[in-house]
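**Q** Sequence first, predicted coordinates after that:
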Amino acid sequence: MARPYTLHRPLATSGIDYAAALNAEQYAAVASPPGKALVIAGAGSGKTRTLTYRVAWLLDHGVEPRQVLLLTFTNKAAREMVGRVRDLIARDTSDLWAGTFHSVGSRILRRHAELLGFTRSFSILDRDDQKSMISKVVAACAIHTKERQFPKADVLASIFSLIENSGTCLEQIIANSYHQFYDWINQIEQVRLGYIEKKRASNAMDFDDLLVLTVRLFEDRPEVLDIYQKRFRHILVDEYQDTNLVQGRMIDMLAGESNSLMAVGDDAQSIYSWRGADMAHILGFPKHYAGAQVFTIDTNYRSVPELLDLSNASIRANLGRFEKDLRSAREAGGVRPALVALNEPRAQASFVVQRMLEMHDSGVPLAEMAVLYRAHFHSLELQMELTVRQIPFILTSGLRFFEQAHIKDVSAFLRFVTNRRDEESFLRLVMMLPGCGPVAAEKLWREWLNTGWAARDELPIKFSEVMLPFKKVPKKGLKAWQQLCFTLDELAPNGFPAKPAAMIYSVMEGVYKDYLEASFENFESRHSDLDQLSRYSEKFEDIVEFLSQLSLMGSVDGQPGAADNTASEDKVTLSSIHQAKGLEWQVVFVIWLVDGQFPNGRILGSDDQPMLEEERRLFYVAITRAKDHLYLTYPQTNPKSYTGDSSCQPSRFLSDFPPELVEEWNVTSPDPWGEDSPF
């Protein structure tokens, strides 16, 4: 009979007083016994601190570093946490695996690639590699695209990624998000299968494969899964509310029946369903893992109580959530969040900038101020106002408005009609034609020069009369070329350029709308950008003046106006709410709080309750970024759209909390848009 012998964990050796270093809520989670545990960590409650101390606690109580797996959504977060652990307990953590799901999947696949038909030296395709390979597959499939636009490689890559990460079939994804390609479903599936085969033939994987193939490896080879289940006895997951179907399956398989799993996240900050994140993982955790402990950390160290009262009230309208109320560890600030209605979008921008300058004069650095919005195009008026007033800013939601590809595309039509010697604009617009690359575009440019019209002061009576007979038009793009020529006619009726707004409308309706939808996976937001550009253009009668203004607003080095030459890092932040998650500022402005803009109009039109709740969580994320001051603003009218001035209804989210939680401001101005206005 074998003699029983038990190995005991050594006592903590670092000397850390965990109970003193953490608050009671954090300590309860950090010091919890092995098993399945969910930690609901509210905004500003010290989530990273809790995870860091949990890893330190495990290592301090006899767990070997090689037995710990820390899964995060950025490698930076993993490095920071492991670095803090080393500082706490001064131990070698080189055997601890910490990183993104993709990086961990890559490490596993490198060891077992042969079992999936790859070699260990497989290549990992970045987005450009992926697009290039998909383009080759499309060409090899010989798909006839003369009659209508086939989706570009970038759009196809997004469709394929959504299939893998959400487990949704192609037909459903097309119906939900890409209905303009419904007639292409069979060809898209043909390309998808060809792309999978080409990756295998090239011994290459894309980023989705790093997750999908890891899960497949575990499913097909139980002996491989057993290796990693026995190694990783303690699994910790950051931002659990953002996990998708494949990531959830990967976690579930590694945790198995006996391993410890601590998932940390905040259901109230689940805002990424559009890229496959499944909130059901965090909401269903206690049921999925029977007997799991649930810890709530709701002491907030970021915001004053007045802001937390508002954020707590705003999220209560959601049905799908864990019950919790954030409590501030700070003293009351004495200032309620401001609710500010403005006449129209330009007044909104003027108000925001004026308040920024006033707060800066009172000692608040520009770097401690941020403007948050639902969609990138909401920042247009603000970018212009900041530029005119020479206030430095950084833009995290994308390129500056006038530097974006679709804005430049439409501008190219206007520039060419106005200046027929503008080679760059001509090349840009003709390369939108199917089958027209740089070489073909150069040939068309030479044909244009040979007509002699480029050197003349007057415009041709009709561009179509001059350009339709061109011999160098690629056959694949012939129909699109004809439409392009007729569109140019519309831009300059009777030989004179039309008004800028009319020109933009003609470009969109004539040729660019189809190109936009086929070329960009986020075409709807880009269409909104162009609507905004059209509204901005309506205050210009002269196309030359309008184009001059675009040039001034655009900036090669990404710096606005007089801020170009400053080395100062004291800059205002403009950001979409999605990209502001995890960040904080003393002063936050949330703009465009209008039904149809925030929440998004498509969601309101579909009566999709889960998506409406996600929009409300997005609003919650926005207001919990503020530490001291919060301004909620909205325009009451949206002027000069194609259908005329439209009235705006305040966002329904502004009705989710008692009115006494905010201070309403009544903003007046004698004549803000008079002769001296920059607008």
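**A** Now that the structure is in, tell me what you want to look at.
**Q** Which secondary structure state does residue 664 sit in?
**A** With DSSP: H, G, I helix; E, B strand; the rest coil as the basis, residue 664 sits in strand.
**Q** Roughly how far does it sit from residue 344?
**A** Noted for residue 664: a distance of 18 Å to residue 344, by Cβ to Cβ, to the nearest Å. The C-beta positions use only the backbone N, C-alpha and C, and glycine is treated the same way.
**Q** okay, the two: which has more neighbours?
**A** Counted by other Cβ atoms under 10 Å, residue 664 and residue 344 do not tie: residue 344 has more neighbours, with 18 against 11.
**Q** List of residues touching the longest strand along the chain?
**A** The longest strand of the chain (DSSP state E) is strand 626-635. Contact with strand 626-635 is made by 302-304, 307, 310, 333, 335, 337-345, 347-348, 351-352, 355, 359, 584-594, 623, 648, 650-651, 654, 662, as judged by Cβ atoms under 8 Å, 6 or more residues apart in numbering.
**Q** Write a PyMOL command that selects only the buried members of those.
**A** Filtering the contacts of strand 626-635 down to the buried ones (16 or more other Cβ atoms under 10 Å) takes a single PyMOL command:
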select buried, resi 302+303+304+307+310+337+338+339+340+341+342+343+344+345+347+348+351+352+355+359+584+585+587+588+589+590+591+592+593+594+623+648+650+651+654+662
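**Q** Narrow the contacts of strand 626-635 to those in helices?
**A** Using DSSP state H, the subset of these located in helices is 307, 310, 345, 347, 348, 351, 352, 355, 359, 623.
**Q** Dump those into TSV; add pLDDT as well.
**A** Converted to TSV, the ones in helices among the contacts of strand 626-635 look like this (pLDDT from 0 to 100):
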residue	pLDDT
307	96
310	97
345	90
347	92
348	95
351	96
352	97
355	96
359	95
623	97
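**Q** Dump those residues to CSV, plus distance to residue 183.
**A** Formatted as CSV, the ones in helices among the contacts of strand 626-635 follow (distance: Cβ to Cβ, whole Å):
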residue, distance to residue 183
307, 50
310, 48
345, 38
347, 45
348, 41
351, 47
352, 45
355, 50
359, 54
623, 43
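**Q** and of the residues you listed, the nearest to residue 401?
**A** Nearest to residue 401 among these: residue 345, at 13.1 Å, using Cβ to Cβ.
**Q** That closest one reaches residue 636, doesn't it?
**A** No: counting by Cβ atoms under 8 Å, residue 345 does not reach residue 636; the two are 10.1 Å apart.
**Q** Can you list the buried residues in the helix or strand encompassing residue 213?
**A** Element membership for residue 213 (DSSP states H and E) is helix 207-220. For helix 207-220, the neighbour count (16+ other Cβ under 10 Å) marks 207, 208, 209, 210, 211, 212, 213, 214, 215, 217, 218 as buried.
**Q** can you redo these as JSON lines with distance to residue 531?
**A** Output for the buried residues of helix 207-220, formatted as JSON lines (distance: Cβ to Cβ, whole Å):
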{"residue": "207", "distance to residue 531": "33"}
{"residue": "208", "distance to residue 531": "33"}
{"residue": "209", "distance to residue 531": "38"}
{"residue": "210", "distance to residue 531": "38"}
{"residue": "211", "distance to residue 531": "37"}
{"residue": "212", "distance to residue 531": "37"}
{"residue": "213", "distance to residue 531": "42"}
{"residue": "214", "distance to residue 531": "42"}
{"residue": "215", "distance to residue 531": "42"}
{"residue": "217", "distance to residue 531": "47"}
{"residue": "218", "distance to residue 531": "47"}
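**Q** Pass me the low-pLDDT residue ranges in this protein, would you?
**A** Across the chain, the ranges flagged by pLDDT under 70 are 7-14, 145-148, 397-400, 457, 460, 548-549, 551-568, 639-645, 670-679.
**Q** that older thread, can you give the distance of the helix holding residue 213 from its chain's centre?
**A** On the basis of Cα atoms, centre = their mean, to the nearest Å, helix 207-220 sits 25 Å off its chain's mean C-alpha point.
**Q** Can you name the next helix or strand after that helix?
**A** Using DSSP H and E, the helix or strand that follows helix 207-220 towards the C-terminus is helix 222-231.
**Q** Residue 575 falls within a helix, correct?
**A** No: applying three-state DSSP, one finds residue 575 to be strand, outside a helix.
**Q** For it, name its beta-bridge partners.
**A** Note on residue 575: beta-bridge partners residue 372, judged by DSSP bridges.
**Q** I'd say it and residue 396 touch.
**A** Yes: in terms of Cβ under 8 Å, residue 575 counts as a neighbour of residue 396; the distance is 4.3 Å.
**Q** Those two: who's more crowded?
**A** For residue 575 versus residue 396, neighbours defined as other Cβ under 10 Å are more numerous around residue 575 (24 against 13).
**Q** Pull the contacting residues for the closest residue to residue 482 other than its chain neighbours.
**A** Distances taken as Cβ to Cβ, 6 or more residues apart in numbering place residue 468 nearest to residue 482, at 6.5 Å, with adjacent residues excluded. Residues near residue 468 by Cβ under 8 Å, 6+ apart: 481, 482, 485.
**Q** Residue 438: which of the buried residues of helix 207-220 is nearest?
**A** Closest approach between those and residue 438, by Cβ to Cβ: residue 207, at 29.1 Å.
**Q** which residue packs closest to the closest one, ignoring adjacent ones?
**A** With sequence-adjacent residues excluded and distances taken as Cβ to Cβ, 6+ apart, residue 207 is closest to residue 102, at 5.7 Å.
**Q** what about the one you found, which helix or strand?
**A** helix 101-112.
**Q** On the three-state scheme, residue 39 is what?
**A** Three-state assignment for residue 39 (three-state DSSP): strand.
**Q** Number the residues from 36 up from this point.
**A** Sure, I'll start numbering at 36, so the last one becomes residue 74.
**Q** Now the closest residue to it other than its chain neighbours: phi and psi?
**A** With Cβ to Cβ, 6+ apart as the criterion, residue 74 has its nearest non-adjacent residue at 4.3 Å, and that residue is residue 299. Residue 299 has phi and psi values of phi -120, psi 130 when expressed as degrees, to the nearest 10.
**Q** show me the contacts for residue 299.
**A** If a contact means Cβ under 8 Å, 6+ apart, then residue 299 has 73, 74, 76, 82, 85, 86, 271, 272, 273, 274, 275 as its contacts.
**Q** And residue 578, by the same measure?
**A** Residues near residue 578 by Cβ under 8 Å, 6+ apart: 449, 452, 453, 532, 533, 534, 535, 538.
**Q** Just put those in TSV and tack on neighbour count and secondary structure.
**A** Below are the contacts of residue 578 laid out as TSV (neighbours: other Cβ atoms under 10 Å; DSSP: H, G, I helix; E, B strand; the rest coil):
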residue	neighbour count	secondary structure
449	24	helix
452	24	helix
453	20	helix
532	19	coil
533	18	coil
534	15	coil
535	26	helix
538	24	helix
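**Q** Show me which of these is closest to residue 145.
**A** Closest approach to residue 145 among the contacts of residue 578 (Cβ to Cβ): residue 449, at 51.3 Å.
**Q** Am I right that that closest one is in contact with residue 540?
**A** No: with contact defined as Cβ under 8 Å, residue 449 does not reach residue 540; the gap is 11.6 Å.
**Q** Any idea how far stretch 632-644 is from the middle of the chain?
**A** 18 Å.
**Q** Quote the end-to-end distance of it.
**A** Chord length of stretch 632-644, first to last residue, is 17 Å (Cα to Cα, to the nearest Å).
**Q** Please point out which parts of that stretch sit buried.
**A** Under 16+ other Cβ under 10 Å, the buried positions of stretch 632-644 are 632, 633, 634, 635, 638.
**Q** Tell me the backbone dihedrals of the first one, please.
**A** Torsion angles at residue 632 (phi, psi; degrees, to the nearest 10) stand at phi -110, psi -50.
**Q** what residues does the helix or strand hosting residue 478 touch?
**A** Here residue 478 sits within helix 473-486, counting by DSSP H and E. Residues outside helix 473-486 that contact it (Cβ under 8 Å, 6+ apart) are 455, 458, 461-462, 465-466, 471, 489, 501-502, 505-509.
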